[in-house]
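*Asks:* Sequence and computational prediction follow.
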There are 2 protein chains.
Amino acid sequence: MTKKLNIDEVAKLAGVSTATVSRVLNDYTFVKESTRNRVLQVIKETQYRVNAVARNLRRRKTLSIGMIISNVLSSFYSVLAKAVEDVAIRNNYSTILCNGGDSAEKERKYLKVLHENRVDGIILSPTGKNADYLNFLISSGIPVAFIDRITQGVECDCVLVNNREATRRAIEFVIDRGYKKIGCIAGPMDRMTGAERLKGYMEALSGRGIIFDERLVKYGDFSYESGRKLMGEIIETVQIDVVFVANYDMATGAFQTIKESGCEIPGDIGFLMFDDSVWTTLVTPTVTAISQPVYIMGTTAADLLFKRIFNGSNYVEQKPVKVVLETELIVRESI
Amino acid sequence: MTKKLNIDEVAKLAGVSTATVSRVLNDYTFVKESTRNRVLQVIKETQYRVNAVARNLRRRKTLSIGMIISNVLSSFYSVLAKAVEDVAIRNNYSTILCNGGDSAEKERKYLKVLHENRVDGIILSPTGKNADYLNFLISSGIPVAFIDRITQGVECDCVLVNNREATRRAIEFVIDRGYKKIGCIAGPMDRMTGAERLKGYMEALSGRGIIFDERLVKYGDFSYESGRKLMGEIIETVQIDVVFVANYDMATGAFQTIKESGCEIPGDIGFLMFDDSVWTTLVTPTVTAISQPVYIMGTTAADLLFKRIFNGSNYVEQKPVKVVLETELIVRESI
DNA sequence: TTGAAAGCGCTAACAA
DNA sequence: TTGTTAGCGCTTTCAA
């Protein structure tokens, strides 16, 4: 707060021009060794730090990317966030993390904030809305990458998993183990992952000649609370052999409810979930789960994004890349 | 990528000066209704978005804060991150999240990046090092708040829990239940929480007349892997009644190891952990845990930070606030 | 109620 | 190898 410390001040103290200081700051090669040292000395003494805001304005680059996810509290998204940040750091970029909570308005608001801050790229798990804004961003030169889900009508890089296929195969496995009445706690149908996983469930049934019974399916919002509540409803109202829960948070709630109800897994009810995380090997019995390569999803999407960022304004012409990663059914004791 | 769209362009299209556009942008009152509408119309048609980088440079404010935590993957820190971001959003601020991984060099690097980006404040779970840089930041007008831990020699707002006291009382409870040989998987001693919790453990022993046996204590790094490994060592080398694990991630690893070893909890070995999160009520038996008000810690620290941010440069004179929150021992089946 | 213009701190042509 | 200088896009006096 003493005197305002900027590049001019440093230049004055070192007895050179601001351009020279700038050159030192940016490791420009053509600076005489002695001059460079003098400047570095002043920088050290004054603890001068370049003002990145001014630099960003001038360079028209911010060395930052934005990331919008539903909620860092969800294990899946926190891994994604970590993966993306790891890649960003490797590229000397900062990450602005936004928890959009799956609200289309929030997503739009965050897109606006990120746009205003002129982030060099945006990576998000989209709500499926705001196609207009996303397209506008892309066409105005800000690369966008989708992760886990997509928004219809927006052409950009994306990284997904084979939700439908993975679910179908897992349910087929369950059926082949002899289970007949297969309950399902599905995600919301307006979310790609929710819809795809349910389709996989239905495909497996019809493929094995089992009539789809809609009373066995409950629709949640992917949250712990909804898993908890819907599992309770299922236990109270219908008779099932096994339950498939469409994501980690809901499965956590559902497992809790089953445990409290006194039902035995897998004796009274088998348990299969999408996502494999922390507690699946800790509980009794251990849980059979469809495992996604979450961290890889994050790094893959980030790599795609940075490829475009570093391609500069040519990037618009390049075809979007779609990566679909494989999941793995990890069979444990609950089925 | 068509034509460069800035405030001048908008002004031209609306037939006014840039100053007027700026006034509209910032809800300045003295603009004639018709003029305002004309400008808003142009903004809408062109999809103009203010360049926050330029605005920040001019205003010498960025409406962003930085947050440095060990690792978003850790349940504790992800809750903290969410809490801080929630408060930031409420104040119309963005959060730049950095995973410092408890490395002093990384912390320093991130502090530098955040400083260069002229964030309006920084909130961190400090490594305990870099006191010089932190003090420099504070004295140059960037408010800092600590959360969960502090750095010696730095005077700033902080939010902690009563680590030592909480542990002491919990261990006393364990002793009073009749346990005698109390193992401990402690955190690293150069981290405040690690050291304080171990002190609490030792205080409880001496208070109850139990001789401290250092063979029963293993020192980990708060990670899943170290919990897993150290629990293995304990099981193989010493005889204990009960184990206290000093944080969530290590407890996850330790619990896994016990489960795999075939030992019964609490029959063969009682289990007590610091932190209460996802799986403690899911496993069999449910786990007795010291619960921290994590979300509240985050919002409290963020509130303190924003109070200083909004106080402008006067903030340096105000005495640092230290908040110590209470934890709660939640008794379940594992003890 | 509006406009002209200075300047936030930096980078990068261009010139020397 | 170094300096001069024109902006980057915005806000904010000051004047009209």
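*Replies:* Structure received.
*Asks:* What's the mean pLDDT across stretch A:22-33?
*Replies:* The pLDDT scores in stretch A:22-33 average 87.
*Asks:* cool, and stretch A:239-246?
*Replies:* Across stretch A:239-246, pLDDT averages out at 97.
*Asks:* Is there any residue in it that contacts chain B?
*Replies:* No: on the criterion CB under 8 Å from any CB of the partner chain, stretch A:239-246 is out of touch with chain B, staying 13.3 Å away. Glycine gets a C-beta too; all of them are placed from N, C-alpha and C.
*Asks:* Show me how far stretch A:301-308 is from its chain's centre.
*Replies:* Offset of stretch A:301-308 from its chain centre (CA atoms, centre = their mean, to the nearest Å): 14 Å.
*Asks:* meant to ask about stretch A:278-286
*Replies:* Relative to its chain's centre, stretch A:278-286 lies at 24 Å (CA atoms, centre = their mean).
*Asks:* do the same with stretch A:126-141
*Replies:* Distance, stretch centre to chain centre, for stretch A:126-141: 17 Å (CA atoms, centre = their mean).
*Asks:* rounded to a whole number, what's the mean pLDDT of it?
*Replies:* Averaged across stretch A:126-141, pLDDT comes to 94.
*Asks:* That stretch: end-to-end distance?
*Replies:* Stretch A:126-141 has an end-to-end distance of 19 Å (criterion: CA to CA, to the nearest Å).
*Asks:* Identify each buried residue in it, please.
*Replies:* Going by neighbour count (16 or more other CB atoms under 10 Å in any protein chain shown), the buried part of stretch A:126-141 is A:Pro126, A:Thr127, A:Gly128, A:Lys129, A:Asn130, A:Tyr133, A:Leu134, A:Asn135, A:Leu137, A:Ile138.
*Asks:* export these to a markdown table and tack on distance to DNA strand C?
*Replies:* Formatted as a markdown table, the buried residues of stretch A:126-141 follow (distance: CB to the nearest atom of the strand, whole Å):
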| residue | distance to DNA strand C |
| --- | --- |
| A:Pro126 | 33 |
| A:Thr127 | 36 |
| A:Gly128 | 38 |
| A:Lys129 | 35 |
| A:Asn130 | 31 |
| A:Tyr133 | 28 |
| A:Leu134 | 29 |
| A:Asn135 | 29 |
| A:Leu137 | 23 |
| A:Ile138 | 24 |
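*Asks:* Output those residues as JSON lines; include the columns secondary structure and distance to chain B.
*Replies:* Formatted as JSON lines, the buried residues of stretch A:126-141 follow (DSSP: H, G, I helix; E, B strand; the rest coil; distance: CB to the nearest CB, whole Å):
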{"residue": "A:Pro126", "secondary structure": "coil", "distance to chain B": "19"}
{"residue": "A:Thr127", "secondary structure": "coil", "distance to chain B": "17"}
{"residue": "A:Gly128", "secondary structure": "coil", "distance to chain B": "21"}
{"residue": "A:Lys129", "secondary structure": "coil", "distance to chain B": "17"}
{"residue": "A:Asn130", "secondary structure": "coil", "distance to chain B": "13"}
{"residue": "A:Tyr133", "secondary structure": "helix", "distance to chain B": "9"}
{"residue": "A:Leu134", "secondary structure": "helix", "distance to chain B": "12"}
{"residue": "A:Asn135", "secondary structure": "helix", "distance to chain B": "11"}
{"residue": "A:Leu137", "secondary structure": "helix", "distance to chain B": "10"}
{"residue": "A:Ile138", "secondary structure": "helix", "distance to chain B": "11"}
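*Asks:* quick check, nearest of the residues you listed to DNA strand D?
*Replies:* Of all the buried residues of stretch A:126-141, DNA strand D sits closest to A:Leu137, with 15.7 Å by CB to the nearest atom of the strand.
*Asks:* Isn't that closest one up against A:Arg118?
*Replies:* No: at 11.1 Å, A:Leu137 does not count as touching A:Arg118 under the criterion of CB atoms under 8 Å.
*Asks:* Now A:Ile122. Its backbone dihedrals?
*Replies:* Per-residue torsions, A:Ile122: phi -130, psi 140 (degrees, to the nearest 10).
*Asks:* OK, contacts around it?
*Replies:* Counting by CB atoms under 8 Å, 6 or more residues apart in numbering or on different chains, A:Ile122 makes contact with A:Ile65, A:Gly66, A:Met67, A:Ile68, A:Leu111, A:Leu114, A:Leu137, A:Ile142, A:Pro143, A:Val144, A:Ala145, A:Leu305.
*Asks:* and the fourth one, helix, strand or coil?
*Replies:* Look at A:Ile68: counting by DSSP: H, G, I helix; E, B strand; the rest coil, its state is strand.
*Asks:* For A:Leu40, pull up the helix or strand it's in.
*Replies:* Applying DSSP states H and E as the criterion places A:Leu40 in helix A:33-46.
*Asks:* tell me which residues in that helix are buried?
*Replies:* Buried residues in helix A:33-46 (16+ other CB under 10 Å): A:Thr35, A:Arg36, A:Arg38, A:Val39, A:Val42, A:Ile43.
*Asks:* So which of those would count as near DNA strand D as well?
*Replies:* Applying CB under 7 Å from any atom of the strand to these, one finds that A:Thr35, A:Arg36 fall near DNA strand D.
*Asks:* which one of the buried residues of helix A:33-46 sits closest to DNA strand D?
*Replies:* Using CB to the nearest atom of the strand, the buried residues of helix A:33-46 come closest to DNA strand D at A:Thr35, 3.4 Å.
*Asks:* I'd guessed that closest one sits against A:Ala19; true?
*Replies:* No: using CB under 8 Å, A:Thr35 is not in contact with A:Ala19, being 11.5 Å away.
*Asks:* The stretch 1-150 of chain A: helices as residue ranges?
*Replies:* Taking DSSP state H, counting those that start in this stretch as the criterion, the stretch 1-150 of chain A carries its helices at A:7-14, A:18-25, A:33-46, A:52-59, A:75-90, A:104-116, A:131-139.
*Asks:* Mind putting the buried residues of stretch A:126-141 into a markdown table with distance to A:Val278?
*Replies:* Putting the buried residues of stretch A:126-141 into a markdown table (distance: CB to CB, whole Å) gives the following:
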| residue | distance to A:Val278 |
| --- | --- |
| A:Pro126 | 26 |
| A:Thr127 | 26 |
| A:Gly128 | 28 |
| A:Lys129 | 31 |
| A:Asn130 | 32 |
| A:Tyr133 | 35 |
| A:Leu134 | 33 |
| A:Asn135 | 38 |
| A:Leu137 | 35 |
| A:Ile138 | 36 |
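*Asks:* That's all I had, so thanks and see you.
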